[in-house]
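*Asks:* Got a sequence here, can you build the structure:
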Amino acid sequence: MSAGGRQATGGSGGGRQPTGGSGGSDAVIATAGLTKYYGRDRGIVDLDLEVRRGEAFGLLGPNGAGKTTTIRLLLDLLRATHGQATVLGRDVRRDGVEVRRRVGFTPGELFLFDKLTGRETLRFLAGLRGGVDWAYVGRLADRLEADLGRRVGELSTGNKRKLSLIQAFMHRPELLILDEPTAGLDPLMQNEFDRLIDEAREEGQTVFLSSHVLPEVRRLCDRVGFVRDGELVAVEDVAMLLRRQVRELDLVLGATVPADLFTGIPGVLQAEIDGVHVHLHVSGSFDEVFQRALPHGIVDVSSREPDLDEVFLTFYGRASAGASTEGER
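*Replies:* Numbers count the residues shown, from 1 in each chain. Okay, the predicted model is just below:
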């Protein structure tokens, strides 16, 4: 399913070679110096990225950071200004048709045929692709509670998203490339999507998804890349990121406690105590915090995770905080 027409604006030859390829590399996606300019505006600049076979990799960033541009370049829906990319060992420019045949893709912006029913849409797309098990399509539709008998133009955004997810998964592709895949889904369907991703990974499929929602990527991904202003700022292991991220923790205790109750606890960066009310900034585990608090009785607990911008500011400084808030490119 296309997220936009191909725009041949420049060559992709020359420069560094991607680290992936057909020579036995474990990289399913590999880019070297991948760059796309829209006139004077940059979509993505000098992207060097490797996604390993069997992993789930999340591309994080605010709207307009370059996530969708990256995905469209990987699928040869856009042509790079310069730089190179391979997907599943194939050069995306030379072998774009073969790459798209082996990939399951859902775009951030949905382009569907309003006059067709969901079932007609899937049959049309399956006819283009081939290799679709219709029993499996039916199971996907049941799990996502998708009504395939209704015309697409009558569907809500969430129900259109379900249809897009079905077509991405229905041929059990080697690689899933998913652009903001849960946008418009209710929480129950988001949970079902998570299960689909878990099952895909158990079957050896690789997942590459873009999102601006940190908790979603944290649940699903092994590693994340942070994109800001068209540049890959960093690549992090999710487990390491979770150990480093700072969260706010509020406690209501059963009795007034001393002001230094939480002093000396590793990871407690800030503690404010006002009678029975405690407000903490904690990096890492809450275990020792709760051990200190338990003798005084814990009446209520709430915590707040940082949003994406806060993670960027915490780890990469305010110099990288000037991302565009315009629509995603």
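*Asks:* buried sites along stretch 155-167?
*Replies:* 155, 158-167 (16 or more other Cβ atoms under 10 Å). Bear in mind the C-beta positions are built from the backbone N, C-alpha and C, glycine included.
*Asks:* Next: stretch 177-187.
*Replies:* 177-185.
*Asks:* want to try CSV for those, with secondary structure, distance to H82 and pLDDT as columns?
*Replies:* Below are the buried residues of stretch 177-187 laid out as CSV (DSSP: H, G, I helix; E, B strand; the rest coil; distance: Cβ to Cβ, whole Å; pLDDT from 0 to 100):
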residue, secondary structure, distance to H82, pLDDT
I177, strand, 22, 98
L178, strand, 26, 97
D179, strand, 23, 94
E180, coil, 27, 92
P181, coil, 29, 94
T182, coil, 33, 92
A183, coil, 31, 90
G184, coil, 35, 91
L185, coil, 37, 92
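*Asks:* In CSV: those residues, plus distance to T121.
*Replies:* Output for these, formatted as CSV (distance: Cβ to Cβ, whole Å):
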residue, distance to T121
I177, 19
L178, 18
D179, 18
E180, 20
P181, 18
T182, 20
A183, 19
G184, 17
L185, 18
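*Asks:* how about the strands in the stretch 1-150 of the chain?
*Replies:* Using DSSP state E, counting those that start in this stretch, the strands of the stretch 1-150 of the chain run over 27-38, 41-52, 56-60, 82-87, 90-91, 103-106.
*Asks:* Show me how far the second one is from its chain's centre.
*Replies:* Chain-centre distance of strand 41-52: 15 Å, with Cα atoms, centre = their mean, to the nearest Å.
*Asks:* Y37 pairs with what?
*Replies:* R42 (DSSP bridges).
*Asks:* Turn the strands of the stretch 1-150 of the chain into JSON lines, columns for mean neighbour count, mean pLDDT and distance to E202.
*Replies:* Shown next, in JSON lines, are the strands of the stretch 1-150 of the chain (neighbours: other Cβ atoms under 10 Å; pLDDT from 0 to 100; distance: least, Cβ to Cβ, whole Å):
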{"stretch": "strand 27-38", "mean neighbour count": "22", "mean pLDDT": "97", "distance to E202": "17"}
{"stretch": "strand 41-52", "mean neighbour count": "20", "mean pLDDT": "96", "distance to E202": "16"}
{"stretch": "strand 56-60", "mean neighbour count": "26", "mean pLDDT": "94", "distance to E202": "11"}
{"stretch": "strand 82-87", "mean neighbour count": "24", "mean pLDDT": "97", "distance to E202": "22"}
{"stretch": "strand 90-91", "mean neighbour count": "19", "mean pLDDT": "96", "distance to E202": "25"}
{"stretch": "strand 103-106", "mean neighbour count": "24", "mean pLDDT": "96", "distance to E202": "16"}
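*Asks:* Could you export those as JSON lines, including distance to V289?
*Replies:* Shown next, in JSON lines, are the strands of the stretch 1-150 of the chain (distance: least, Cβ to Cβ, whole Å):
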{"stretch": "strand 27-38", "distance to V289": "40"}
{"stretch": "strand 41-52", "distance to V289": "35"}
{"stretch": "strand 56-60", "distance to V289": "28"}
{"stretch": "strand 82-87", "distance to V289": "45"}
{"stretch": "strand 90-91", "distance to V289": "50"}
{"stretch": "strand 103-106", "distance to V289": "40"}
